[in-house]
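**Student:** pasted the sequence and its predicted model underneath.
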Amino acid sequence: DVKVTQSSRYLVKRTGEKVFLECVQDMDHENMFWYRQDPGLGLRLIYFSYDVKMKEKGDIPEGYSVSREKKERFSLILESASTNQTSMYLCASRPGTGEGNTIYFGEGSWLTVV
Amino acid sequence: GEDVEQSLFLSVREGDSSVINCTYTDSSSTYLYWYKQEPGAGLQLLTYIFSNMDMKQDQRLTVLLNKKDKHLSLRIADTQTGDSAIYFCAESPAMDTGRRALTFGSGTRLQVQP
C-alpha cells in the first residue's frame, strides 16, 4: 500500500514563528503536493513538485515556500506564521503515469497559530 | 480556470440510497475521482472513472458520468451510518497540459440518520 506520512498531526505555533511541515512518501512517486483544507472551501493547492528540486506555485502560494531535496520528501515552510494560516494541511503524492493516476493523501496536519 | 462544484450537505436515512452530485468545467479532464474523508483524517480514494466511460460500479458504489453536461454523480446503495463523512469530487486534466494537480470540489457532507 502507498503510504504518505506527515510527521506532525497537531501543532500550535505563535504568530511570527517559522513552521516546517514534513511529508514523506514511500512509493517513488514523481509528484508531490501540499493542499490546505478549510471548511466550505474544500482543498486548495498551495505548491506542488514534479521532481527533486523542482516546484510550482499552486492557487494560494502566498506566505508559503516548499523544499524538495529528496524524491520521497516534500516540506512546507511557513516563514512567518500568521493566524490566517490556521488550517488543516494535507500532503499528497501521485505517480507520473499509471491506471487511474491516483493521488494519495497523508492523514493531515492540524496547525493552529495563536 | 478549472472549477469543480458540489452541494455542501446531504442527509439520508439508513438503508436509503444517497446520490452526491458534482459538476466540473474542464473539458480536457481525463479522470474523475471520488474521495471520502472521515473526521480528523486525510482523504481516502473511493473510486474513479475514466472520461471515456459513462458508468462504473463497485459494490455499493455507482459512478455516473455525463461528459456532455460535465456532470458526475456518486450513488451509495443501502447507506449505512459508517458512510457518514465528507465526499469530495476531483478532476484530473490530461498530463500533457502540464497541470499535474487534481482540482477538488468543496466537499459534500453526508449525514446518515439511523
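**Tutor:** Sure thing, it's come through.
**Student:** mind listing what A:S49 touches?
**Tutor:** Going by C-beta atoms under 8 Å, 6 or more residues apart in numbering or on different chains, A:S49 touches A:31-33, A:55-56, A:66, A:68, A:74. Where you see a C-beta, it was placed from the backbone N, CA and C, and this is true even at glycine.
**Student:** weed out the non-buried ones from the residues you listed.
**Tutor:** A:31-33, A:55-56, A:66, A:68, A:74 (16 or more other C-beta atoms under 10 Å in any protein chain shown).
**Student:** name the nearest of those residues relative to A:Q6.
**Tutor:** Proximity of these to A:Q6 was ranked by C-beta to C-beta; the top entry is A:F74 with 10.2 Å.
**Student:** that closest one contacts A:S65, doesn't it?
**Tutor:** No - counting by C-beta atoms under 8 Å, A:F74 does not reach A:S65; the two are 11.8 Å apart.
**Student:** other SSEs contacting the helix or strand of chain B with the lowest mean pLDDT?
**Tutor:** Here the helix or strand of chain B ranked lowest by mean pLDDT, DSSP states H and E is strand B:103-104, holding a mean of 90. Under the contact criterion of 3 or more C-beta pairs under 8 Å, 6 or more residues apart in numbering or on different chains; DSSP states H and E, the helices and strands touching strand B:103-104 comprise strand A:42-49, strand B:85-92.
**Student:** check contacts around A:G42.
**Tutor:** B:88, B:104-107 are the contacts of A:G42 under C-beta under 8 Å, 6+ apart.
**Student:** quick check: closest non-adjacent residue to it.
**Tutor:** Leaving out its chain neighbours, the residue that sits closest to A:G42 by C-beta to C-beta, 6 or more residues apart in numbering or on different chains is B:S106, at 3.7 Å.
**Student:** so how far is A:S49 from that neighbour?
**Tutor:** 25 Å (C-beta to C-beta, to the nearest Å).
**Student:** now swap in A:V19 and tell me
**Tutor:** Using C-beta to C-beta, one gets 18 Å for the distance from A:V19 to A:S49.
**Student:** buried residues in stretch B:36-48, which are they?
**Tutor:** Counting neighbours by 16+ other C-beta under 10 Å, one finds that the buried residues in stretch B:36-48 are B:36-37, B:42-43, B:45-48.
**Student:** which parts of the helix or strand following the least confident helix or strand of chain B are buried?
**Tutor:** With elements assigned by DSSP states H and E, the helix or strand that comes after strand B:103-104 is strand B:108-113. Of all the residues in strand B:108-113, those buried under the rule 16+ other C-beta under 10 Å are B:108-110, B:112.
**Student:** tell me the strands beside strand B:108-113, with direction?
**Tutor:** strand B:9-13 (parallel), strand B:85-92 (antiparallel) (DSSP bridges).
**Student:** okay if I get the ones you listed as JSON lines plus mean neighbour count?
**Tutor:** Shown next, in JSON lines, are these (neighbours: other C-beta atoms under 10 Å in any protein chain shown):
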{"stretch": "strand B:9-13", "mean neighbour count": "13"}
{"stretch": "strand B:85-92", "mean neighbour count": "24"}
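**Student:** wait, what's in contact with the residue most central in space within chain A?
**Tutor:** Geometric centre of chain A, nearest residue: A:W34, 2.7 Å, by C-alpha atoms, centre = their mean. Counting by C-beta under 8 Å, 6+ apart, A:W34 makes contact with A:21, A:23, A:45-48, A:58, A:64, A:66, A:74, A:76, A:89-92.
**Student:** from the residues you listed, which land in strands?
**Tutor:** Judged by DSSP state E, the subset of the contacts of A:W34 located in strands is A:21, A:23, A:45-48, A:64, A:66, A:74, A:76, A:89-92.
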